[in-house]
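*Asks:* Show me the folded form of this:
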Amino acid sequence: MANSEWSQWLGHTAEAADTITNAPLRLMAAALDRDSAAIEREPLRPLWHWLYFLPGERQSNIGPDGHPRRGGFLPPVSLPRRMWAGGRLKFLKPLQPGAAIRRLSRIEGIDSKEGRSGALVFVKVAHEISDAGGVAIREEHDIVYRGMPVPGAPAAVPPRAPTDETFAREIVPDPVLLFRYSALTFNGHRIHYDRSYVTEEEGYPGLVVHGPLIATLLVEQLQLAHPAAKVASFDFKAASPLFDTHPFTVCGKLEGSTAHLWARGPEGQLAMQATARLA
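*Replies:* Below you'll find the model as predicted:
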């Protein structure tokens, strides 16, 4: 579709309700190899709200890629590959375990483009998450849809990642970690756990590491390096995919009240770049 034909989807809204229960927090801590005792008592950690408002589509409404079939809240983009491309978040006030929370979502933008690899469609979704005391998180979520790679076409060369980090940790993205994160977020997308599908149908060399998982690991590493840091905002953008075939490194450096964060792939490529501003 041309951009003008997507106009009917602009402004679509959806509402959801949930409660910040302890089980997802305990299980997320286990997946990230963290002690859950303090995490279950303290305010919700940055990005851990992604453990709530899970999609919960009926099995009969699941498409061949494991996502819900196109055309519900999101527009019915026909391009087969769908990825979480990045986002921008503002953390306005803490959310507490046990709190009842609501999310209002709205389609803010749809943009069709022709890239070097073919057609692309970008969808921007705005989320507003509140508790009884008002809005706690404002989030803009970027989704990109793209076609399958053209056989024999040269792969895009990602930029080199910085090497001037002051804190870093190597991550081994084994299939168990990817499966556990998929389970925690009820993400049925087969590129994260179905090796035959991801290699034979979508043409990737291995299981794809979730973009939100990489973003979460970046923030977690910041807070491990600087335990007193309180994140007020977080912007991130995916640059190139990571796979379970090799370890990668989450890196960062703190300059005043701004943390520069990035994920570096096994060949030194930039996989994700992010900025966290501290309160």
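
*Asks:* Just the C-alpha atoms of the lowest-mean-pLDDT helix or strand in the chain, please, in CSV.
*Replies:* The least trusted helix or strand in the chain, going by mean pLDDT, DSSP states H and E, turns out to be helix 36-39, with a mean of 86. Coordinates of the C-alpha atoms in helix 36-39 are reproduced here as CSV (Å, rounded to 0.1, in the frame of the first residue of the first chain):
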residue,chain,number,x,y,z
SER,A,36,15.1,-12.1,42.7
ALA,A,37,14.6,-11.3,46.4
ALA,A,38,15.3,-7.5,46.2
ILE,A,39,13.8,-7.3,42.7
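
*Asks:* For that helix, give me every contacting residue.
*Replies:* L25, R26, M28, A29, A30, R45 (C-beta atoms under 8 Å, 6 or more residues apart in numbering). In short, each C-beta sits where N, CA and C put it, glycine included.

*Asks:* which SSE is the fifth one in?
*Replies:* Assignment of secondary structure by DSSP states H and E places A30 within helix 22-31.

*Asks:* helices and strands around that helix, which ones?
*Replies:* Contacts defined by 3 or more C-beta pairs under 8 Å, 6 or more residues apart in numbering; DSSP states H and E place helix 22-31 against helix 36-39, helix 175-184.

*Asks:* got the buried residues for that helix?
*Replies:* Neighbour counts over helix 22-31 (16 or more other C-beta atoms under 10 Å) mark P24, L25, M28, A29, A31 as buried.

*Asks:* Could I get the residues you listed in a markdown table, plus columns for pLDDT and distance to E5?
*Replies:* Listed next are those as a markdown table, based on pLDDT from 0 to 100; distance: C-beta to C-beta, whole Å:
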| residue | pLDDT | distance to E5 |
| --- | --- | --- |
| P24 | 96 | 39 |
| L25 | 96 | 42 |
| M28 | 96 | 40 |
| A29 | 95 | 45 |
| A31 | 96 | 41 |
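
*Asks:* For S233, list each beta-bridge partner.
*Replies:* Beta-bridge pairing of S233 under DSSP bridges involves K90, R277.

*Asks:* surely it meets F91?
*Replies:* Yes - applying C-beta atoms under 8 Å, one finds S233 in contact with F91, separated by 6.8 Å.

*Asks:* Between the two, tell me which one has more neighbours.
*Replies:* The neighbour comparison of S233 against F91 (other C-beta atoms under 10 Å) goes to F91, with 24 against 17.

*Asks:* picking up where we left off before, which one of the buried residues of helix 22-31 is nearest to Y204?
*Replies:* A31 (22.2 Å; C-beta to C-beta).

*Asks:* Tell me how far that closest one lies from F179.
*Replies:* A31 sits 10 Å away from F179, taking C-beta to C-beta, to the nearest Å as the criterion.

*Asks:* circling back to that earlier point, if you count neighbours, what's buried in the least confident helix or strand of the chain?
*Replies:* Of all the residues in helix 36-39, those buried under the rule 16+ other C-beta under 10 Å are I39.
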